[in-house]
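> Would you be able to build a 3D model of this:
(chains A and B)
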There are 2 protein chains.
Amino acid sequence: MLMEREMLLKENTEKPVIGKHVYGELYGCDPEILSDAEKLVEIVRKASEIGGFTLLDVKAWRISPGVSVVGIVLESHISIHTWPEYGFATVDVYTCGETGDPVSAYLYIVKSLRAKKYTLKTSDRSYEWV
Amino acid sequence: MLMEREMLLKENTEKPVIGKHVYGELYGCDPEILSDAEKLVEIVRKASEIGGFTLLDVKAWRISPGVSVVGIVLESHISIHTWPEYGFATVDVYTCGETGDPVSAYLYIVKSLRAKKYTLKTSDRSYEWV
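Residues are numbered from 1 along each chain as shown, chains lettered A, B, ... in the order given. Modelled structure (predicted):
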């Protein structure tokens, strides 16, 4: 799959690559949703839309009893790994460019999995060779 | 794809899920390697072996001029996103269970991309609802 990413790189930006990674752990989620690969794929699709990303592909692997889902966004990814037996999931929303909103995408996933409690951590994945 | 993961969960462990995430930014990498999807797929395969992981699948997306590669490991993932135009790559090695060695897998990728400089950050992705 070949896509051009010039659209993401503004000219004269100080950092040549801007990367934003939002991730964390979700507790007390709905075990039925955590077991449902098709539903999780739909959640990743919608999260990508909410975050303003360009979704290139999304795949799910059933790892009994849980599921791993990875969505490839232009130059980044969204992943959900689930443990329905513990109502537990981990989520990563990692996006590049200045326009995407990974926090909104992350919070949509938190809500969709019906998490009772969650962490939200961030990491700057930009080019910062000093 | 359906795999059983009981092997990863030791009985009587204090935390029901142990997660280790190693990630960072790589600078001054070899642009030819960063553009070579097949080579990057091989690097992810070998990194998975070095880390002691069970690789379920690996996929690459060419995002001109870079590449995104995601390897799905039993209950976790390895990802590489590349920007050959800046000699830049970002890498995530996220694994669950007590036996895997994500640091060795990460350092193998650093070496394979011929990074002149890199960061190495870690995040505990374990179940820790207190």
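
> list the contacts for the residue lying closest to A:Ala115 once chain neighbours are set aside?
The spatially closest residue to A:Ala115, leaving aside those adjacent along the chain, is A:Leu26, at 3.9 Å (Cβ to Cβ, 6 or more residues apart in numbering or on different chains). Just so you know, the C-beta spots here come from the backbone N, C-alpha and C atoms, and that holds for glycine as well. Applying Cβ atoms under 8 Å, 6 or more residues apart in numbering or on different chains to A:Leu26 gives the contacts A:Phe88, A:Ala89, A:Thr90, A:Val91, A:Ile109, A:Val110, A:Leu113, A:Ala115, A:Lys117, A:Tyr118.

> Repeat that for A:Ile18.
Residues in contact with A:Ile18, defined by Cβ under 8 Å, 6+ apart, are A:Cys96, A:Gly97, A:Glu98, A:Ser126.

> can you narrow those residues to ones near chain B?
Near chain B, judged by Cβ under 8 Å from any Cβ of the partner chain, the entries from these are A:Cys96, A:Ser126.

> After the host helix or strand of the residue nearest to A:Ala115, heading C-terminal, what element do we hit next?
Assigned by DSSP states H and E, A:Leu26 belongs to strand A:19-27. Sequence order places helix A:31-34 as the next helix or strand after strand A:19-27, per DSSP H and E.

> Now tell me what touches that next one from outside.
The contact list for helix A:31-34 (Cβ under 8 Å, 6+ apart) reads A:39-40, A:43, A:66-67, A:82-85, A:87-89, A:112-114.

> buried ones in it?
Buried residues in helix A:31-34, counted by 16 or more other Cβ atoms under 10 Å in any protein chain shown: A:Pro31, A:Ile33, A:Leu34.

> how distant is it from the center of its chain?
Taking Cα atoms, centre = their mean, to the nearest Å, one finds helix A:31-34 lying 18 Å from the centre of the chain it belongs to.

> Then stretch A:85-97?
Between the centre of stretch A:85-97 and the centre of its chain there are 6 Å (Cα atoms, centre = their mean).

> quick one: buried residues of it?
For stretch A:85-97, burial by neighbour count (16+ other Cβ under 10 Å) applies to A:Tyr86, A:Gly87, A:Phe88, A:Ala89, A:Thr90, A:Val91, A:Asp92, A:Val93, A:Tyr94, A:Thr95, A:Cys96, A:Gly97.

> picking that back up, mind putting the buried residues of helix A:31-34 into JSON lines with distance to B:Asp57 and pLDDT?
Putting the buried residues of helix A:31-34 into JSON lines (distance: Cβ to Cβ, whole Å; pLDDT from 0 to 100) gives the following:
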{"residue": "A:Pro31", "distance to B:Asp57": "25", "pLDDT": "98"}
{"residue": "A:Ile33", "distance to B:Asp57": "23", "pLDDT": "98"}
{"residue": "A:Leu34", "distance to B:Asp57": "20", "pLDDT": "98"}
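
> With respect to chain B, which of those residues is nearest?
A:Leu34 (12.4 Å; Cβ to the nearest Cβ).

> For A:Val73, see how far away that closest one is.
Remark: distance between A:Leu34 and A:Val73 (Cβ to Cβ, to the nearest Å) = 22 Å.

> same thing with A:Gly52?
From A:Gly52 to A:Val73 the distance is 10 Å (Cβ to Cβ).

> intersection of neighbour lists for the two?
A:Gly100.

> Neighbour count for the two, which is higher?
Neighbours per residue (other Cβ atoms under 10 Å in any protein chain shown) separate A:Gly52 from A:Val73, with A:Val73 holding more: 29 against 15.
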